[in-house]
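> The amino acid sequence is not available; the structure is as follows:
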């Protein structure tokens, strides 16, 4: 019985995440959530007394998943490659994780009053830029503070935009290549050089 209740609760949460991500708080309907979860309104309200309680639990779940994904990023010896890995993770979560999509939608729609997700990842981005600056990995004249503003706006755009992962990666290869000092090459999450770096190399 407890296992069945737990499965129903999880199904409701997943259905609610999809509903809030698509329609926001005001547009979301408990009836549609129950339909998506293939359960009854009575079963839904047994676990979540109202729409506010459901939205709050979706946000808690989404923030926890988001935080775990950032914590699982492997420390990068190269801060610019660390930046690329961070931005790739942000874009992937925003496009592939229904709970993260719901949190982002509910940030601009009540009832979520928690700090925005950006307050979770901006300090990571800032620390990587500071490391790059100290290592002289940034192009001369590029201030970390200015780079942070630009990258933060572009990261938000990557999280909101549609497109294939390959296309998004190519854009970020170009952006980070523009920030890098001439002696520096950026690369993908797996440590390989970017396609731009490879194509610019003369044949042996």
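Yes, it's here. The model shown is predicted, which means the values in this text are computed figures rather than measured ones.
> Average the pLDDT values over the strand or helix carrying residue 86 and round to the nearest integer.
Here residue 86 sits within helix 79-96, counting by DSSP states H and E. Per-region confidence: helix 79-96 scores 90 on mean pLDDT.
> continuing past it, what's the next helix or strand?
Later in the chain than helix 79-96, the nearest helix or strand by DSSP H and E is helix 98-107.
> what sits up against that following helix?
Helix 98-107 is contacted from outside by 14, 16-18, 20-22, 24-25, 55, 58-59, 61-63, 65-66, 93-95, 112, 116-117, 159, using CB atoms under 8 Å, 6 or more residues apart in numbering. In this view, the C-beta of every residue, glycine as well, is placed from N, C-alpha and C.
> Now for the residue most central in space within the chain: which residues touch it?
Centroid check for the chain by CA atoms, centre = their mean gives residue 90 as the closest residue, at 2.9 Å. The contact partners of residue 90, by CB under 8 Å, 6+ apart, come to 121, 155, 158-159.
> now residue 171
When the contact criterion is CB under 8 Å, 6+ apart, the partners of residue 171 are residue 158.
> looking at this, it is in a strand?
No. The assignment for residue 171 (DSSP: H, G, I helix; E, B strand; the rest coil) gives helix, which keeps it out of a strand.
> Could you report the pLDDT at it?
Residue 171 carries a pLDDT value of 71.
> Quick check: it vs residue 178, distance?
According to CB to CB, to the nearest Å, residue 171 and residue 178 sit 11 Å apart.
> So which of the contacts of residue 90 is the closest to residue 147?
For these, the minimum distance to residue 147 (CB to CB) is 11.8 Å, reached by residue 155.
> I'm done for today, thanks for sticking with me.
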